[in-house]
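Participant: Here is a sequence together with a model predicted from it:
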Amino acid sequence: MTTNLPRVDRGEFCRQSRLLVVAGKGGVGKTTVAAALARMAADDGLDVLVVGLDDAGALPVLFGADVTFGYEEVLLYTGPAGRVQGRVITPDDALLEYLMDHGLRRVAKRLVSTAIPGIREILVLGKVKQLERADSPELIVLDAPATGHAVRFLTSATGLMDAARGGPLRAQAAEVIEMLHDPVRCEVLLVTLPEETPVNELVETAFRLEDEVGVMLGPVLVNACYTPVAGVGANWVADPETLAAAAGEPAIPAEEAGRLRGAAGFRAAREAVQAEQLDRLTANLPLPQLRLPYLFTPEVGPDQVELLAEAIGRAIEALDPAVVSVAGP
Amino acid sequence: MSTPSDLSALVRERSIIVCCGSGGAGKTTTSAAIALCGALAGRSACVVTIDPARRLADALGIQELSNEPKRIKGPWPGELWAVMLDAKGTFDDLVVRYSADPEQADRILSNRLYRNLTSALAGTQEYMAAEKLYELHASDRFDLVVVDTPPTRNALDFLDAPGRLTRFLENRVFRLLLMPTRASLRALTVATQALLRTISKVAGSEIVEDAVAFFRAFDGMEDGFRDRARRVEELLADAGTAFVLVAAPRRDSVDEAGYFADRLAEAHQPVAALVMNRLHPDFGPGGDAARAAAGVATAPAPAPADVVDAGDGVETGPDEPGSTADPFPLSAAQAEESLVGMRRNLADLISVATYERGYLELLESKIDGAVVKVPFLSKDVHDLDGLAAVAECLTGQVLSRRA
């Protein structure tokens, strides 16, 4: 990437790696972020496949698609130029397919899965690798298991290489490791919240993934960040009654003024925590950050995903190209 | 309508409390706070944590995986102990306990397949958590053992875990693998050889050799394991055991909690209490936070009046130096904009509180037990003061700071 580009191009960002693995601790909004990334890439004209690893019932809802979500690819979203398809790869599905491909019967499934530690993870990754090697789609977004599990998931190939000294499974593991080590083919995007414990866990996971898996880490996605609101600072709040007087508005009833002040105080306190944690994240992890806004809605659907996709796109464009290319190959 | 006293009854009367819920719901913190409640109530309480955040682990003095609980000294009448589950070590202990002699134990412990088993076999960590719970309970050292369950996507895993390992060990295929050692050569049938070839073909022959060695080494221990698993299951079903659901007011967490409540009801082990963490304050008219804010509104406002205490220990004041000298630094348009922002913020927070209340009501309708609301705390909990604040929300017990 040339350094004279004023900004990072979102299309180029999406085309940097064929496979984006989205990982994060439970409760940080990993699946929503994965959907928003897929949506952003599709809106930029890419043919995208989003892959869930369990029931992943949330994914169709996030695209407003009324489809049965399973092992077969289904269309989730069509944009002006690109689209998002989705599918699930469960370990059972992957194992069954692998056995069938190797001329083994279904009955072999249970014995193989219990006799060989790590086989389930490796076969899921093997299936993902197979998709990644195919001609289409242009981008695969993998909604990975929650961290803790994510590190185990991504180290399963190394573990298997240790256990199996020969056979097709070892070959499979070797190919998966090759994919994980190649930044043109694969990068991991970690998701967190601007809160203390999630930030700590993210930093720990990032270093473990670099050390134990050797995978490239893309920008960190910080979900649910409060965006600045007039009248509410990170460390102070304005007084509504004074504001009303200054604005020439009728006086605000004391009860309402109290609630406005209380709500602003709560927000200000949260923003202060957030600012502190974002600073800590910046200080402890030398990766660019993409910040996503807090949504004050209970249910996340296609409208919210569109909003988040836009926010990711804008955050990408605001990145320092030098920083991104440092993280690149 | 339940009150916090229902949870304090559990803390005083039950011998085991199992905290379950989705990842990110605050299970670890809640478990530790419940154990602290037990100590505050004069009991000897031990919390088994799975994967505590580092600072909380430091505060509890359990930086390392261990099988031995550590005592946390503090100004409470009872005792507070904590242990960070070492699933592998717990499994090793089981192997040593049920092996016929040290040689058998060594053969298993050094087997490569065994070494991978704890991390690879789904549900092993859950079973070891249950096993540790059983061991601590049976030791009679504690009046109350609180266990934080692993953050499994599938909430059933914890309940099913003891049976799962037994089924693994009793798997028909593995019985066949064992046959050459326990039956005549004729029993090493064509079928067995075909199965071995099948695994070899997929995994390579070394893995098969490891697996065969593992199951041969395990020979004779299944009865002990099965018996132990049955007793662990009985303990989980015992009347002295209470299940506490921990949830955060998010769609996924609430769905999982609801699912778990249904499953526990089917297992005739109803949810004894629900702890709803991270609830936003309600700034709607008549809401809890609105009443608190009313106090702020009636407080005498010292000049300059353009700033107020934001609460939560937040420093207040205009962020531009020198502007305190001017109580009206804003133009009418800026004031209007700020007022719009504040109103928007209030409306946003009211909508959050409204849907969170909906989630709470949904779960309340599913369970008969106590419901405890824990507000969104301004700081993450990573020390005893933080735990004490949670404990106070849970049972109303106050940690007195003088020893």
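Facilitator: Now that the structure is in, tell me what you want to look at.
Participant: ok, longest helix in chain B?
Facilitator: Of all segments of type helix in chain B, defined using DSSP state H, the longest is helix B:332-366.
Participant: which other helices and strands contact the helix or strand following that helix?
Facilitator: Proceeding N to C from helix B:332-366, the next assigned helix or strand is strand B:370-375, under DSSP states H and E. Of the remaining helices and strands, those touching strand B:370-375 by 3 or more Cβ pairs under 8 Å, 6 or more residues apart in numbering or on different chains; DSSP states H and E are helix B:4-13, strand B:271-279, helix B:332-366, helix B:384-395. Placement of C-beta: from N, CA and C, glycine included.
Participant: would you turn those into a markdown table with mean pLDDT, mean neighbour count and distance to chain A?
Facilitator: What follows is the helices and strands packed on strand B:370-375, written out as a markdown table (pLDDT from 0 to 100; neighbours: other Cβ atoms under 10 Å in any protein chain shown; distance: least, Cβ to the nearest Cβ, whole Å):
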| stretch | mean pLDDT | mean neighbour count | distance to chain A |
| --- | --- | --- | --- |
| helix B:4-13 | 84 | 19 | 23 |
| strand B:271-279 | 94 | 24 | 10 |
| helix B:332-366 | 93 | 18 | 3 |
| helix B:384-395 | 92 | 22 | 11 |
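Participant: follow-up on the earlier one: what inclination does the longest helix of chain B have with respect to strand B:370-375?
Facilitator: With axes from the mean of the first three to the mean of the last three Cα atoms, to 10 degrees as the criterion, the two stretches helix B:332-366 and strand B:370-375 enclose an angle of 160 degrees.
Participant: Would you map the strands across chain B?
Facilitator: Assigned by DSSP state E, the strands in chain B fall at B:16-20, B:44-49, B:70-72, B:79-84, B:144-148, B:241-247, B:271-279, B:370-375.
Participant: who does the fifth one pair up with?
Facilitator: The pairing partners recorded for strand B:144-148 under DSSP bridges are strand B:16-20 (parallel), strand B:44-49 (parallel).
Participant: Next, the contact list for residue B:369, please.
Facilitator: Neighbour list for residue B:369: B:2, B:6, B:270-274 [criterion: Cβ atoms under 8 Å, 6 or more residues apart in numbering or on different chains].
Participant: Apply 7 Å and report the result again.
Facilitator: The contact partners of residue B:369, by Cβ atoms under 7 Å, 6 or more residues apart in numbering or on different chains, come to B:6, B:270-274.
Participant: any weak-confidence spans in chain B?
Facilitator: B:1-5, B:65, B:117-123, B:151-158, B:161, B:165, B:168-193, B:195, B:293-329, B:401-403 (pLDDT under 70).
Participant: Oops, could you answer that again for the stretch 101-250 of chain A instead?
Facilitator: A:104-118, A:147-149, A:163, A:234-237.
Participant: hmm, 90 instead?
Facilitator: Applying pLDDT under 90 to the stretch 101-250 of chain A flags the ranges A:101-124, A:135-136, A:144-173, A:196-197, A:201, A:212-213, A:227-239, A:242-243, A:246-247.
Participant: Quick one: the helices in it, in order.
Facilitator: With DSSP state H, counting those that start in this stretch as the criterion, the stretch 101-250 of chain A has helices at A:108-115, A:119-133, A:149-163, A:168-181, A:196-208, A:240-247.
Participant: Reformat those as CSV; add mean neighbour count and distance to residue B:212.
Facilitator: Putting the helices of the stretch 101-250 of chain A into CSV (neighbours: other Cβ atoms under 10 Å in any protein chain shown; distance: least, Cβ to Cβ, whole Å) gives the following:
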stretch, mean neighbour count, distance to residue B:212
helix A:108-115, 21, 9
helix A:119-133, 23, 17
helix A:149-163, 21, 14
helix A:168-181, 20, 17
helix A:196-208, 20, 33
helix A:240-247, 22, 76
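Participant: For residue B:112, which of those is the nearest?
Facilitator: Ranking those by proximity to residue B:112 (Cβ to Cβ) places helix A:149-163 first, at 6.1 Å.
Participant: Let me see the residues that make contact with the closest one.
Facilitator: A:23, A:117-118, A:121-122, A:125, A:144-145, A:169-170, A:173-174, A:176-177, A:180, A:205, A:208-209, A:212-213, A:215, B:112, B:116, B:119, B:207.
Participant: Go again with 6 Å.
Facilitator: Outside helix A:149-163, the residues that touch it by Cβ atoms under 6 Å, 6 or more residues apart in numbering or on different chains are A:23, A:118, A:121-122, A:144-145, A:173, A:176-177, A:208, A:212-213, B:207.
Participant: Could you list the buried residues of stretch B:44-55?
Facilitator: Within stretch B:44-55, the residues that count as buried by 16 or more other Cβ atoms under 10 Å in any protein chain shown are B:44-53, B:55.
Participant: Closest to chain A out of those?
Facilitator: Relative to chain A, the closest of the buried residues of stretch B:44-55 is residue B:53; by Cβ to the nearest Cβ it sits at 4.6 Å.
Participant: quick one: the closest one and residue A:196 touch, right?
Facilitator: No: at 8.1 Å, residue B:53 does not count as touching residue A:196 under the criterion of Cβ atoms under 6 Å.
Participant: a markdown table for the strands of chain B, including distance to residue A:251?
Facilitator: Below are those laid out as a markdown table (distance: least, Cβ to Cβ, whole Å):
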| stretch | distance to residue A:251 |
| --- | --- |
| strand B:16-20 | 49 |
| strand B:44-49 | 53 |
| strand B:70-72 | 54 |
| strand B:79-84 | 53 |
| strand B:144-148 | 52 |
| strand B:241-247 | 42 |
| strand B:271-279 | 32 |
| strand B:370-375 | 31 |
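Participant: on that earlier part again, dump the helices and strands packed on strand B:370-375 into a markdown table; add distance to residue B:24 as well.
Facilitator: A markdown table is the format used below for these (distance: least, Cβ to Cβ, whole Å):
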| stretch | distance to residue B:24 |
| --- | --- |
| helix B:4-13 | 21 |
| strand B:271-279 | 9 |
| helix B:332-366 | 15 |
| helix B:384-395 | 16 |
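Participant: could you dump the contacts of helix A:149-163 to a markdown table with distance to residue B:292?
Facilitator: Formatted as a markdown table, the contacts of helix A:149-163 follow (distance: Cβ to Cβ, whole Å):
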| residue | distance to residue B:292 |
| --- | --- |
| A:23 | 39 |
| A:118 | 53 |
| A:121 | 49 |
| A:122 | 54 |
| A:144 | 41 |
| A:145 | 40 |
| A:173 | 58 |
| A:176 | 55 |
| A:177 | 56 |
| A:208 | 42 |
| A:212 | 48 |
| A:213 | 48 |
| B:207 | 62 |
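Participant: what's stretch B:385-401 in contact with?
Facilitator: Contacts with stretch B:385-401, where a contact means Cβ under 6 Å, 6+ apart, come from B:4, B:7-8, B:32-33, B:36-37, B:40, B:75, B:372, B:374, B:381.
Participant: ok, 7 Å please
Facilitator: Contacts for stretch B:385-401 (Cβ under 7 Å, 6+ apart): B:4, B:7-8, B:11, B:29-30, B:32-34, B:36-37, B:40-41, B:75-76, B:275, B:372, B:374, B:377, B:379, B:381.
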